[in-house]
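Trainee: structure, please.
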Amino acid sequence: MNSSTKETLTFETEVNQLLKLMIHSLYSNKEIFLRELISNASDACDKLRFEALTDDALYEGDDCLVVDVEFDREAGTLTVRDNGIGMSREEVIGNIGTIAKSGTREFFERLTGDQAKDARLIGQFGVGFYSAFIVAEHVVLTTRRAGMGAEHGVRWESDGSGSYTLETLEVAPRGTEIVLHLREDEREDLLNDWRLRSIVTKYSDHVPLPIRMRKRDDDGKPGEEWETVNKASALWQRSKSEISEDEYKAFYKHVAHDFGEPLAWTHNRVEGRLEYTSLLYVPAKAPFDLWDRDHTHGLKLYVQRVFIMDDAEHLMPRYLRFVRGVVDSADLPLNVSREILQDSRVIEQIRAGSVKKLLGMLEDMAEKRPEDYQKFWNEFGRVLKEGPAEDFANRETIAGLLRFASTHTDTETQTVSLHDYIARMPEGQDKIYYITADSFMAAKNSPHLELLRKKGIEVLLMYDRVDEWLMGNLNEFDGKQFQSVAKGDLDLGAVESEEERKAQEAVENEAKALVERIKEALGDKVESVRVSHRLTSSPACIVLGEHDMALYMQQLLKQAGHEMQGSKPVLEINPGHPMVARLDTESDETRFKEWSMLLLDQAVLAEGGQLEDPAGFVARLNQLMLALAS
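Mentor: Got it, this is the predicted structure:
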């Protein structure tokens, strides 16, 4: 190797923070560093195999892909080497010197200082290479990208203290070699043949390519011959009866780059006109970048056990972007591209079958393991709510998996299923009532619930921002129509007696003059004014059209710069309320108009809307308070 250029560079601030956290938070489980380095090496081999499908020259005459692990007691080093794709100088800087991931700031904001919790977050972030510094005082990475000349080799070195050196040099073999100069107190434990083999079989037995170590003589000296330590077979292609629970969990950690265990998995082999195998996992915790919808996640695609591509977004819809795992097809060509995937009927069928299996597994979990399902919902519920708009074919199934808060639980935790709701519906109720708001308390305390509470009718309380979109795409469930209690006319159907309807009509007739007077006072600020059917204790409320967006959502979109041209709201009044009754006796038209405006402003605020004239509202409120005090 002939050295040419060498420079010293500084880690990004985030990498410095991460290295410090890594060493302290993960030390109690330090042996996972080897799993992470082997996993990265395996991925590098997979990527070479994929790129070589269209450029066989990348193999450079050697298509036997392996990962080698060896150690040197005298030098105090442990080496992990692969003959995979390798890296160019730019790729080394991008992959090692920086954390090129969205959500980095959010990741660090979520760190708590609790080592156990932070270790889990670090694992979710997927920064396995840096785990080398748990046991190493100095790390040397040497690499050359397949297809580039030997003169384009790169050496990266660092002691993890804030900077690294980067050197261009000649490297004959393609791939990557990582040499860990172990700390003194780690050498006795890790520079041991039996110990390293046990770590490999414990964490990486499922890696589908050979992980090799040198055979040793009776004195423990390494020979020239290599032997495979792991099973080196595609775990997903083995029979389910042959795979232990621990093996499934270990494979999840490999494929998902997650330090934690999965919450559930489903392993399926489909045979017939279409042949494929899928092994799909649901993580126990949401990844830090779950809400980055533009980032492709999830599944690795194989064709006849040959890795094709990572993050195959065509295999799983975005509302299931938290799913991890592999799909191995026997029907796709080895030279498949992302463009081919977009129009492939085989992919469409695999996707449809995989989604059904995944949703079926969630249904089974909800029925047989409700505590685990609640854990799943707490982590991924808001993402699943995107499903009805994206997946019409499975809309009913997805709806059955949704969970909500309700007036029957009065807790913020979303535990009520639509099946639960329907089972509790009183005789005569034929609709599923709900309300959307910008917070749980706003939904729970909305004046729109007053009549339904009085009658004991359950209302679903929806306060996630996705809920407004969800209900715009979910019209019914199990034959029951959804109805917002804050939009359109409130129809209670057979729950309301004929006597109650007649009493309501009588109140409306009696208040006609007041309604007309308020409408005239408010002018074009409202679509209309009418006597409320839903209020029992509040003076007034705003009611939107059935297809209008909630006021709090309109406000959010306005703040984001969107033009909003919704219809004007309807003001409903409660003639039985003392404030409205007092208004009815007001003879001063100027004061009547001011107090009518106060009614409207109060109703808008209760709905999460924003007042056009906050100062005017305060002035009117002060006038009212003074009038009541005099």
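
Trainee: need the strands for the stretch 51-200 of the chain, in chain order.
Mentor: Along the stretch 51-200 of the chain, the segments classed as strands by DSSP state E, counting those that start in this stretch run 67-72, 77-82, 136-144, 153-158, 163-169, 175-182.

Trainee: nope, the stretch 251-400 of the chain is what I meant
Mentor: With DSSP E, counting those that start in this stretch as the criterion, the stretch 251-400 of the chain has strands spanning 262-270, 276-283, 299-303, 306-309, 324-329.

Trainee: rank the ones you listed by pLDDT, which is bottom?
Mentor: The stretch with the lowest mean pLDDT among the strands of the stretch 251-400 of the chain is strand 306-309, at a mean of 78.

Trainee: now for that strand, which elements pack on it?
Mentor: Using 3 or more Cβ pairs under 8 Å, 6 or more residues apart in numbering; DSSP states H and E as the contact criterion, the neighbours of strand 306-309 among helices and strands are helix 32-51, strand 299-303. Where C-beta positions appear, they are placed from N, C-alpha and C, glycine not excepted.

Trainee: send over the last one as CSV, restricted to the C-alpha atoms.
Mentor: Just to be clear, that refers to strand 299-303. As requested, C-alpha coordinates have been extracted for strand 299-303 and formatted as CSV (Å, rounded to 0.1, in the frame of the first residue of the first chain):
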residue,chain,number,x,y,z
LEU,A,299,-38.5,-4.8,3.6
LYS,A,300,-35.6,-6.5,1.9
LEU,A,301,-36.4,-8.1,-1.5
TYR,A,302,-34.7,-11.3,-2.5
VAL,A,303,-35.2,-13.3,-5.7
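
Trainee: which phi and psi does P222 have?
Mentor: With angles defined as degrees, to the nearest 10, P222 shows backbone torsions of phi -70, psi 140.

Trainee: that one and R214 touch, don't they?
Mentor: Yes. Using Cβ atoms under 8 Å, P222 makes contact with R214 at a distance of 4.1 Å.

Trainee: dump stretch 503-521 to PDB, keeping only the CA atoms.
Mentor: Only the C-alpha atoms of stretch 503-521 are listed here, as PDB (Å, rounded to 0.1, in the frame of the first residue of the first chain):
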ATOM      1  CA  ALA A 503     -90.800  19.600  22.300                       C
ATOM      2  CA  GLN A 504     -87.800  20.600  20.200                       C
ATOM      3  CA  GLU A 505     -90.100  22.000  17.400                       C
ATOM      4  CA  ALA A 506     -92.000  24.000  20.000                       C
ATOM      5  CA  VAL A 507     -88.700  25.600  21.300                       C
ATOM      6  CA  GLU A 508     -87.700  26.400  17.700                       C
ATOM      7  CA  ASN A 509     -91.000  28.100  17.000                       C
ATOM      8  CA  GLU A 510     -90.900  30.100  20.200                       C
ATOM      9  CA  ALA A 511     -87.400  31.300  19.500                       C
ATOM     10  CA  LYS A 512     -87.900  32.300  15.800                       C
ATOM     11  CA  ALA A 513     -87.900  36.000  16.400                       C
ATOM     12  CA  LEU A 514     -84.700  35.800  18.500                       C
ATOM     13  CA  VAL A 515     -83.000  33.600  15.800                       C
ATOM     14  CA  GLU A 516     -83.800  36.100  13.100                       C
ATOM     15  CA  ARG A 517     -82.600  39.000  15.200                       C
ATOM     16  CA  ILE A 518     -79.200  37.300  16.000                       C
ATOM     17  CA  LYS A 519     -78.800  36.400  12.300                       C
ATOM     18  CA  GLU A 520     -79.400  40.100  11.300                       C
ATOM     19  CA  ALA A 521     -76.900  41.200  14.000                       C
END
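
Trainee: domain map for the chain?
Mentor: 3-231, 236-373, 403-495, 498-629 (automatic domain parsing).

Trainee: tell me the mean pLDDT for the shortest one?
Mentor: Here domain 403-495 scores 92 as its mean pLDDT.

Trainee: if I've got this straight, I542 is in a strand?
Mentor: Yes. Assignment of I542 by DSSP: H, G, I helix; E, B strand; the rest coil places it within a strand.

Trainee: so what sits opposite it in the bridge?
Mentor: When bridges are taken as DSSP bridges, the partners of I542 come out as L571.

Trainee: how near is it to D491?
Mentor: 18 Å (Cβ to Cβ, to the nearest Å).

Trainee: between the two, which has more neighbouring residues?
Mentor: A side-by-side neighbour count of I542 and D491, using other Cβ atoms under 10 Å, places I542 first with 22 against 13.

Trainee: buried stuff in stretch 310-327?
Mentor: The neighbour-count criterion (16 or more other Cβ atoms under 10 Å) identifies 310, 312-327 as the buried residues of stretch 310-327.

Trainee: same question but for stretch 512-530, I mixed them up
Mentor: 514-515, 517-519, 521-522, 525-526, 529-530.

Trainee: can you tell me the closest non-neighbouring residue to E225?
Mentor: Across the structure, with Cβ to Cβ, 6 or more residues apart in numbering as the measure, the residue nearest E225 apart from its sequence neighbours is K215 (4.7 Å).

Trainee: pLDDT score for the one you found?
Mentor: Among the per-residue scores, K215 holds a pLDDT of 92.

Trainee: repeat for I99
Mentor: pLDDT, the model's per-residue confidence, is 49 for I99.

Trainee: just give the number of residues close to the residue lying closest to S528 once chain neighbours are set aside.
Mentor: In this structure, S528 finds its nearest non-sequential neighbour in V570, 5.2 Å apart by Cβ to Cβ, 6+ apart. Burial of V570, expressed as a neighbour count using other Cβ under 10 Å, amounts to 20.

Trainee: helices and strands of the protein: which one bottoms out on pLDDT?
Mentor: Using mean pLDDT, DSSP states H and E, helix 115-125 stands out as the lowest-scoring helix or strand of the chain, at a mean of 53.

Trainee: picking up where we left off before, quick one: the residue nearest to S528 from L449, how far?
Mentor: For V570, the distance to L449 (Cβ to Cβ) stands at 18 Å.

Trainee: most widely separated two among the buried residues of stretch 512-530?
Mentor: Of all pairs drawn from these, the one with the largest separation by Cβ to Cβ is L514 and K525; the distance is 17.1 Å.

Trainee: before we move on, back to that, so which of the buried residues of stretch 512-530 are in strands?
Mentor: Judged by DSSP state E, the subset of the buried residues of stretch 512-530 located in strands is 529-530.

Trainee: reformat the buried residues of stretch 512-530 as a markdown table; add distance to R369.
Mentor: Converted to a markdown table, the buried residues of stretch 512-530 look like this (distance: Cβ to Cβ, whole Å):
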| residue | distance to R369 |
| --- | --- |
| L514 | 57 |
| V515 | 54 |
| R517 | 60 |
| I518 | 55 |
| K519 | 56 |
| A521 | 58 |
| L522 | 54 |
| K525 | 53 |
| V526 | 50 |
| V529 | 52 |
| R530 | 49 |
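
Trainee: just the buried residues of stretch 512-530 now: which is nearest S161?
Mentor: Nearest to S161 among the buried residues of stretch 512-530: K525, at 65.0 Å, using Cβ to Cβ.
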